[in-house]
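Student: pasting the sequence and the predicted model now:
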Amino acid sequence: MRLFYIFQNPINVTILRTKQAVKSALQILRNSQKTIGFVPTMGALHKGHLSLVENAKLSSDSVIVSIFVNPTQFNNKEDYEKYPISIDEDLKLLEEKGVDFIFLPSVTEMYTGESLLKMDFGNLDKTLEGSFRPGHFNGVGVVVSKLLNIVKPDKSYFGQKDLQQVAIIKRLVNDLSFDVEIVVVPTIRESDGLAMSSRNVRLNPEERLTATILYNCMFFAKTELLQGGDWFEIREKVAKRFYDEPKARLEYFELVNTDTLEKLSTIKYQLNISICTAAFIGEIRLIDNLSIV
Ligand SMILES: Nc1ncnc2c1ncn2[C@@H]1O[C@H](COP(=O)(O)OP(=O)(O)OP(=O)(O)O)[C@@H](O)[C@H]1O
Ligand SMILES: CC(C)(CO)[C@@H](O)C(=O)[O-]
Ligand code: BAL
(Lines give C-alpha, C1' and ligand atoms only; values in the text may rest on other atoms or scores of the structure.)
(Ligands and ions follow the chains in the order given, each with its own letter.)
Protein backbone atom coordinates (compact mmCIF):
# COMPACT_ATOMS: atom_id res chain seq x y z
CA MET A 1 0.00 0.00 0.00
CA ARG A 2 2.76 2.40 0.99
CA LEU A 3 4.81 1.47 -2.08
CA PHE A 4 1.76 2.12 -4.25
CA TYR A 5 1.40 5.54 -2.65
CA ILE A 6 5.04 6.34 -3.31
CA PHE A 7 4.69 5.18 -6.93
CA GLN A 8 1.69 7.47 -7.41
CA ASN A 9 3.66 10.45 -6.13
CA PRO A 10 7.17 9.89 -7.45
CA ILE A 11 8.14 13.50 -7.98
CA ASN A 12 8.14 16.49 -5.77
CA VAL A 13 7.17 19.63 -7.61
CA THR A 14 7.52 22.95 -5.81
CA ILE A 15 4.84 25.57 -6.30
CA LEU A 16 6.09 29.15 -6.21
CA ARG A 17 3.57 31.97 -5.94
CA THR A 18 5.76 35.07 -5.67
CA LYS A 19 8.63 36.63 -7.60
CA GLN A 20 10.74 36.48 -4.46
CA ALA A 21 10.07 32.74 -4.05
CA VAL A 22 11.18 32.14 -7.67
CA LYS A 23 14.32 34.21 -7.13
CA SER A 24 15.34 32.33 -3.98
CA ALA A 25 14.56 28.86 -5.35
CA LEU A 26 16.38 29.37 -8.64
CA GLN A 27 19.39 31.12 -7.11
CA ILE A 28 20.31 27.85 -5.40
CA LEU A 29 20.32 26.10 -8.80
CA ARG A 30 22.35 28.84 -10.47
CA ASN A 31 24.91 28.69 -7.68
CA SER A 32 25.47 25.03 -8.49
CA GLN A 33 25.79 25.75 -12.24
CA LYS A 34 22.49 24.04 -13.14
CA THR A 35 20.81 25.20 -16.37
CA ILE A 36 17.20 26.36 -16.15
CA GLY A 37 14.58 25.66 -18.82
CA PHE A 38 11.39 27.74 -18.72
CA VAL A 39 7.98 26.99 -20.26
CA PRO A 40 5.48 29.89 -20.01
CA THR A 41 1.81 28.85 -20.32
CA MET A 42 -1.69 30.02 -19.56
CA GLY A 43 -2.63 26.61 -18.17
CA ALA A 44 -5.45 24.21 -19.21
CA LEU A 45 -2.59 22.00 -20.27
CA HIS A 46 -2.66 19.53 -23.15
CA LYS A 47 -0.11 17.42 -25.06
CA GLY A 48 1.16 20.51 -26.90
CA HIS A 49 2.26 22.07 -23.61
CA LEU A 50 3.64 18.74 -22.42
CA SER A 51 5.75 18.51 -25.56
CA LEU A 52 7.35 21.85 -24.60
CA VAL A 53 8.03 20.42 -21.13
CA GLU A 54 9.56 17.24 -22.61
CA ASN A 55 11.86 19.33 -24.81
CA ALA A 56 12.84 21.43 -21.79
CA LYS A 57 13.56 18.31 -19.73
CA LEU A 58 15.84 17.01 -22.49
CA SER A 59 18.02 20.09 -22.70
CA SER A 60 17.95 21.74 -19.27
CA ASP A 61 18.94 20.52 -15.78
CA SER A 62 15.86 21.99 -14.12
CA VAL A 63 12.47 22.91 -15.57
CA ILE A 64 10.10 25.63 -14.39
CA VAL A 65 6.62 26.08 -15.90
CA SER A 66 4.53 29.20 -15.33
CA ILE A 67 0.74 29.14 -15.35
CA PHE A 68 -0.69 32.64 -15.65
CA VAL A 69 -3.75 33.70 -17.60
CA ASN A 70 -2.41 37.11 -18.52
CA PRO A 71 -5.28 39.62 -18.56
CA THR A 72 -3.40 42.26 -20.58
CA GLN A 73 -3.17 40.12 -23.73
CA PHE A 74 -6.92 39.57 -24.02
CA ASN A 75 -8.65 42.04 -26.31
CA ASN A 76 -12.01 40.39 -25.63
CA LYS A 77 -13.45 40.41 -22.09
CA GLU A 78 -15.58 37.32 -22.64
CA ASP A 79 -12.61 35.37 -24.04
CA TYR A 80 -10.70 36.21 -20.83
CA GLU A 81 -13.57 35.37 -18.52
CA LYS A 82 -14.25 32.06 -20.27
CA TYR A 83 -10.60 31.04 -20.70
CA PRO A 84 -10.41 27.40 -19.49
CA ILE A 85 -8.82 26.86 -16.06
CA SER A 86 -7.90 23.41 -14.71
CA ILE A 87 -5.21 24.04 -12.11
CA ASP A 88 -5.52 20.74 -10.19
CA GLU A 89 -5.29 18.67 -13.37
CA ASP A 90 -2.40 20.87 -14.64
CA LEU A 91 -0.37 20.39 -11.45
CA LYS A 92 -0.87 16.63 -11.67
CA LEU A 93 0.28 16.51 -15.31
CA LEU A 94 3.35 18.63 -14.58
CA GLU A 95 4.26 16.57 -11.55
CA GLU A 96 3.99 13.38 -13.64
CA LYS A 97 6.29 14.95 -16.25
CA GLY A 98 8.94 15.60 -13.60
CA VAL A 99 8.81 19.40 -13.66
CA ASP A 100 10.83 20.90 -10.79
CA PHE A 101 9.00 24.19 -10.21
CA ILE A 102 5.64 25.72 -11.09
CA PHE A 103 5.30 29.49 -10.97
CA LEU A 104 1.66 30.30 -10.18
CA PRO A 105 1.44 34.07 -9.63
CA SER A 106 -1.71 36.10 -8.99
CA VAL A 107 -2.58 39.09 -11.18
CA THR A 108 -1.53 41.47 -8.37
CA GLU A 109 1.82 39.68 -8.06
CA MET A 110 2.47 40.35 -11.77
CA TYR A 111 0.91 43.82 -12.11
CA THR A 112 0.86 46.69 -9.65
CA GLY A 113 -1.82 48.90 -11.20
CA GLU A 114 -2.28 49.56 -14.88
CA SER A 115 0.62 48.59 -17.12
CA LEU A 116 1.62 51.74 -19.04
CA LEU A 117 4.43 50.27 -21.12
CA LYS A 118 3.69 50.14 -24.87
CA MET A 119 5.65 47.89 -27.19
CA ASP A 120 5.75 48.39 -30.94
CA PHE A 121 7.05 45.54 -33.08
CA GLY A 122 6.64 47.29 -36.47
CA ASN A 123 4.96 45.06 -39.05
CA LEU A 124 5.29 42.01 -36.78
CA ASP A 125 2.42 43.05 -34.50
CA LYS A 126 0.26 44.89 -37.04
CA THR A 127 -0.49 41.93 -39.33
CA LEU A 128 -2.44 38.63 -38.92
CA GLU A 129 -3.42 38.30 -35.21
CA GLY A 130 -2.41 41.93 -34.64
CA SER A 131 -5.10 43.18 -37.06
CA PHE A 132 -7.83 41.23 -35.27
CA ARG A 133 -6.63 41.39 -31.64
CA PRO A 134 -5.62 45.01 -30.94
CA GLY A 135 -3.21 45.25 -27.99
CA HIS A 136 -2.70 41.48 -27.83
CA PHE A 137 1.02 41.48 -28.63
CA ASN A 138 1.68 44.44 -26.36
CA GLY A 139 0.27 42.30 -23.55
CA VAL A 140 2.30 39.27 -24.63
CA GLY A 141 5.50 41.34 -24.98
CA VAL A 142 5.12 42.89 -21.53
CA VAL A 143 4.25 39.67 -19.69
CA VAL A 144 6.97 37.62 -21.42
CA SER A 145 9.52 40.33 -20.53
CA LYS A 146 8.37 40.24 -16.91
CA LEU A 147 8.49 36.44 -16.78
CA LEU A 148 11.96 36.31 -18.35
CA ASN A 149 13.19 38.92 -15.86
CA ILE A 150 11.75 36.98 -12.93
CA VAL A 151 12.90 33.49 -13.99
CA LYS A 152 16.11 34.41 -15.88
CA PRO A 153 16.18 31.03 -17.64
CA ASP A 154 18.95 29.75 -19.90
CA LYS A 155 16.37 28.52 -22.41
CA SER A 156 12.68 29.27 -22.89
CA TYR A 157 10.34 27.08 -24.94
CA PHE A 158 7.52 28.24 -27.21
CA GLY A 159 5.16 26.44 -29.59
CA GLN A 160 5.23 26.88 -33.35
CA LYS A 161 1.41 26.90 -33.15
CA ASP A 162 1.70 30.57 -32.17
CA LEU A 163 3.97 31.44 -35.10
CA GLN A 164 3.50 35.22 -34.86
CA GLN A 165 4.14 35.11 -31.11
CA VAL A 166 7.42 33.28 -31.81
CA ALA A 167 8.53 35.93 -34.34
CA ILE A 168 7.70 38.71 -31.87
CA ILE A 169 9.38 37.05 -28.87
CA LYS A 170 12.56 36.39 -30.87
CA ARG A 171 12.60 40.07 -31.78
CA LEU A 172 11.87 41.13 -28.18
CA VAL A 173 14.69 38.98 -26.82
CA ASN A 174 17.10 40.33 -29.41
CA ASP A 175 16.12 43.99 -29.05
CA LEU A 176 16.19 43.98 -25.23
CA SER A 177 19.27 41.68 -25.01
CA PHE A 178 17.60 39.07 -22.82
CA ASP A 179 20.23 36.45 -22.07
CA VAL A 180 18.05 33.49 -23.07
CA GLU A 181 17.86 31.02 -25.96
CA ILE A 182 14.40 30.74 -27.51
CA VAL A 183 13.58 27.15 -28.47
CA VAL A 184 10.66 26.60 -30.87
CA VAL A 185 8.76 23.31 -30.60
CA PRO A 186 6.63 21.86 -33.47
CA THR A 187 2.84 21.90 -33.24
CA ILE A 188 1.23 18.82 -31.70
CA ARG A 189 -2.03 17.85 -33.45
CA GLU A 190 -5.00 15.60 -32.80
CA SER A 191 -5.19 12.54 -35.09
CA ASP A 192 -7.54 14.42 -37.47
CA GLY A 193 -5.12 17.36 -37.82
CA LEU A 194 -6.67 19.86 -35.40
CA ALA A 195 -3.88 21.70 -33.54
CA MET A 196 -4.11 21.09 -29.81
CA SER A 197 -5.21 24.27 -28.06
CA SER A 198 -6.60 25.05 -24.62
CA ARG A 199 -9.63 26.68 -26.22
CA ASN A 200 -10.57 23.39 -27.97
CA VAL A 201 -12.31 22.24 -24.77
CA ARG A 202 -14.88 24.99 -25.36
CA LEU A 203 -15.99 23.40 -28.67
CA ASN A 204 -19.15 21.30 -28.54
CA PRO A 205 -18.96 17.87 -30.27
CA GLU A 206 -20.35 19.19 -33.55
CA GLU A 207 -18.00 22.20 -33.54
CA ARG A 208 -15.08 19.91 -32.69
CA LEU A 209 -15.71 18.03 -35.96
CA THR A 210 -16.07 21.28 -37.91
CA ALA A 211 -12.80 22.61 -36.43
CA THR A 212 -10.76 20.31 -38.70
CA ILE A 213 -11.58 22.78 -41.50
CA LEU A 214 -8.54 24.89 -40.49
CA TYR A 215 -5.99 22.12 -40.94
CA ASN A 216 -7.79 20.59 -43.95
CA CYS A 217 -7.79 23.92 -45.81
CA MET A 218 -4.11 24.58 -45.02
CA PHE A 219 -3.20 21.07 -46.17
CA PHE A 220 -5.25 21.51 -49.37
CA ALA A 221 -3.61 24.89 -50.05
CA LYS A 222 -0.12 23.54 -49.41
CA THR A 223 -0.68 20.61 -51.79
CA GLU A 224 -2.02 22.93 -54.52
CA LEU A 225 0.81 25.43 -54.06
CA LEU A 226 3.47 22.73 -54.33
CA GLN A 227 1.81 21.58 -57.57
CA GLY A 228 2.18 25.08 -59.01
CA GLY A 229 -1.31 26.41 -58.17
CA ASP A 230 -2.05 30.14 -58.10
CA TRP A 231 -2.30 31.46 -54.53
CA PHE A 232 -5.29 33.76 -55.15
CA GLU A 233 -7.28 30.99 -56.84
CA ILE A 234 -6.43 28.60 -54.00
CA ARG A 235 -7.52 31.20 -51.43
CA GLU A 236 -10.82 31.70 -53.28
CA LYS A 237 -11.50 27.95 -53.01
CA VAL A 238 -10.64 28.01 -49.30
CA ALA A 239 -12.93 31.01 -48.71
CA LYS A 240 -15.75 29.11 -50.46
CA ARG A 241 -15.19 26.06 -48.26
CA PHE A 242 -15.56 28.25 -45.18
CA TYR A 243 -18.56 30.05 -46.69
CA ASP A 244 -20.29 26.68 -47.21
CA GLU A 245 -19.72 25.69 -43.57
CA PRO A 246 -22.30 27.53 -41.44
CA LYS A 247 -20.51 26.90 -38.12
CA ALA A 248 -17.18 28.35 -39.34
CA ARG A 249 -16.20 31.96 -40.08
CA LEU A 250 -12.81 32.66 -41.63
CA GLU A 251 -10.90 35.72 -40.38
CA TYR A 252 -7.72 35.37 -42.43
CA PHE A 253 -5.84 32.83 -44.55
CA GLU A 254 -2.45 34.22 -45.55
CA LEU A 255 0.80 33.10 -47.11
CA VAL A 256 3.70 34.72 -45.22
CA ASN A 257 7.43 34.71 -44.68
CA THR A 258 7.77 32.76 -41.41
CA ASP A 259 10.25 35.21 -39.83
CA THR A 260 9.23 38.64 -41.14
CA LEU A 261 5.48 37.77 -41.51
CA GLU A 262 5.52 39.72 -44.80
CA LYS A 263 2.51 38.64 -46.90
CA LEU A 264 3.39 36.71 -50.06
CA SER A 265 1.46 35.73 -53.19
CA THR A 266 3.77 33.01 -54.52
CA ILE A 267 6.15 30.39 -53.15
CA LYS A 268 8.60 30.91 -56.01
CA TYR A 269 12.10 32.28 -55.28
CA GLN A 270 11.50 32.18 -51.50
CA LEU A 271 12.28 29.93 -48.58
CA ASN A 272 10.76 29.90 -45.12
CA ILE A 273 7.10 30.24 -46.07
CA SER A 274 4.03 29.39 -43.97
CA ILE A 275 0.27 29.58 -44.26
CA CYS A 276 -1.33 31.29 -41.24
CA THR A 277 -5.02 31.19 -40.51
CA ALA A 278 -7.60 32.19 -37.89
CA ALA A 279 -11.28 31.31 -37.83
CA PHE A 280 -14.25 31.23 -35.51
CA ILE A 281 -15.82 27.82 -35.00
CA GLY A 282 -19.09 28.75 -33.37
CA GLU A 283 -18.00 31.32 -30.78
CA ILE A 284 -14.49 29.93 -30.35
CA ARG A 285 -11.64 31.58 -32.20
CA LEU A 286 -8.84 29.24 -33.27
CA ILE A 287 -5.51 29.88 -35.01
CA ASP A 288 -3.14 27.57 -36.85
CA ASN A 289 -0.28 27.59 -39.34
CA LEU A 290 1.52 25.20 -41.66
CA SER A 291 5.03 25.43 -43.02
CA ILE A 292 5.23 25.20 -46.85
CA VAL A 293 8.97 25.35 -47.64
N1 LIG B 1 -0.54 22.18 -30.13
C2 LIG B 1 0.56 22.74 -29.63
N3 LIG B 1 1.77 22.23 -29.95
C4 LIG B 1 2.91 22.80 -29.45
N5 LIG B 1 2.91 23.89 -28.65
C6 LIG B 1 1.74 24.43 -28.31
C7 LIG B 1 0.50 23.88 -28.78
N8 LIG B 1 -0.51 24.62 -28.28
C9 LIG B 1 0.06 25.59 -27.53
N10 LIG B 1 1.40 25.48 -27.55
C11 LIG B 1 2.36 26.37 -26.91
O12 LIG B 1 2.20 26.34 -25.50
C13 LIG B 1 2.58 27.61 -24.97
C14 LIG B 1 1.50 28.07 -24.05
O15 LIG B 1 0.33 28.31 -24.84
P16 LIG B 1 -1.09 28.57 -24.23
O17 LIG B 1 -1.07 28.28 -22.78
O18 LIG B 1 -1.65 29.85 -24.71
O19 LIG B 1 -1.94 27.37 -24.86
P20 LIG B 1 -2.76 27.28 -26.16
O21 LIG B 1 -3.19 25.89 -26.33
O22 LIG B 1 -2.01 28.00 -27.25
O23 LIG B 1 -4.05 28.05 -25.76
P24 LIG B 1 -4.94 28.95 -26.62
O25 LIG B 1 -4.43 29.03 -28.01
O26 LIG B 1 -6.28 28.36 -26.52
O27 LIG B 1 -4.72 30.21 -25.84
C28 LIG B 1 2.78 28.55 -26.15
O29 LIG B 1 4.18 28.65 -26.41
C30 LIG B 1 2.07 27.83 -27.26
O31 LIG B 1 2.58 28.13 -28.56
C1 LIG C 1 3.52 33.20 -23.91
C2 LIG C 1 2.28 33.33 -23.04
C3 LIG C 1 2.34 32.36 -21.87
C4 LIG C 1 2.26 34.74 -22.45
O5 LIG C 1 1.14 34.94 -21.65
C6 LIG C 1 1.00 33.11 -23.87
O7 LIG C 1 0.87 34.06 -24.88
C8 LIG C 1 0.89 31.72 -24.41
O9 LIG C 1 0.51 30.87 -23.63
O10 LIG C 1 1.17 31.49 -25.61
N1 BAL D 1 -1.26 31.03 -27.08
C2 BAL D 1 -2.02 32.21 -27.40
C3 BAL D 1 -2.42 32.97 -26.23
C4 BAL D 1 -3.64 33.79 -26.46
O5 BAL D 1 -4.46 33.43 -27.33
O6 BAL D 1 -3.83 34.80 -25.79
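Tutor: Looks like it arrived, so ask away. Residues are numbered from 1 along each chain as shown. Ligands and ions are numbered 1, 2, ... in the order given.
Student: check the gap between residue 92 and residue 266 for me.
Tutor: Applying CB to CB, to the nearest Å, the value for residue 92 to residue 266 is 48 Å. Where C-beta positions appear, they are placed from N, C-alpha and C, glycine not excepted.
Student: for ligand 2, what are the nearby residues on this protein?
Tutor: Contact residues (CB under 6 Å from any ligand atom) of the chain with ligand 2: 40-42, 70, 73, 140, 143-144, 162, 165.
Student: with secondary structure, pLDDT and neighbour count as extra columns, can I get these in JSON lines?
Tutor: Shown next, in JSON lines, are the residues of the chain next to ligand 2 (DSSP: H, G, I helix; E, B strand; the rest coil; pLDDT from 0 to 100; neighbours: other CB atoms under 10 Å):
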{"residue": "40", "secondary structure": "strand", "pLDDT": "99", "neighbour count": "23"}
{"residue": "41", "secondary structure": "strand", "pLDDT": "98", "neighbour count": "22"}
{"residue": "42", "secondary structure": "coil", "pLDDT": "98", "neighbour count": "18"}
{"residue": "70", "secondary structure": "coil", "pLDDT": "98", "neighbour count": "21"}
{"residue": "73", "secondary structure": "helix", "pLDDT": "98", "neighbour count": "20"}
{"residue": "140", "secondary structure": "helix", "pLDDT": "98", "neighbour count": "25"}
{"residue": "143", "secondary structure": "helix", "pLDDT": "98", "neighbour count": "21"}
{"residue": "144", "secondary structure": "helix", "pLDDT": "98", "neighbour count": "23"}
{"residue": "162", "secondary structure": "helix", "pLDDT": "98", "neighbour count": "20"}
{"residue": "165", "secondary structure": "helix", "pLDDT": "98", "neighbour count": "22"}
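Student: just checking, residue 82 touches residue 202?
Tutor: Yes - applying CB atoms under 8 Å, one finds residue 82 in contact with residue 202, separated by 6.8 Å.
Student: for the two, indicate the residue with more neighbours.
Tutor: residue 202 (20 against 13; other CB atoms under 10 Å).
Student: dump the residue contacts of that one.
Tutor: 82, 84, 283-284 (CB atoms under 8 Å, 6 or more residues apart in numbering).
Student: compare the residues you listed and tell me which is most surrounded.
Tutor: residue 284 (19 neighbours).
Student: list the contacts of that residue.
Tutor: 199-200, 202-203, 207.
Student: how about the residues you listed in JSON lines, adding pLDDT?
Tutor: Compiled in JSON lines, these are given as follows (pLDDT from 0 to 100):
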{"residue": "199", "pLDDT": "96"}
{"residue": "200", "pLDDT": "98"}
{"residue": "202", "pLDDT": "96"}
{"residue": "203", "pLDDT": "98"}
{"residue": "207", "pLDDT": "98"}
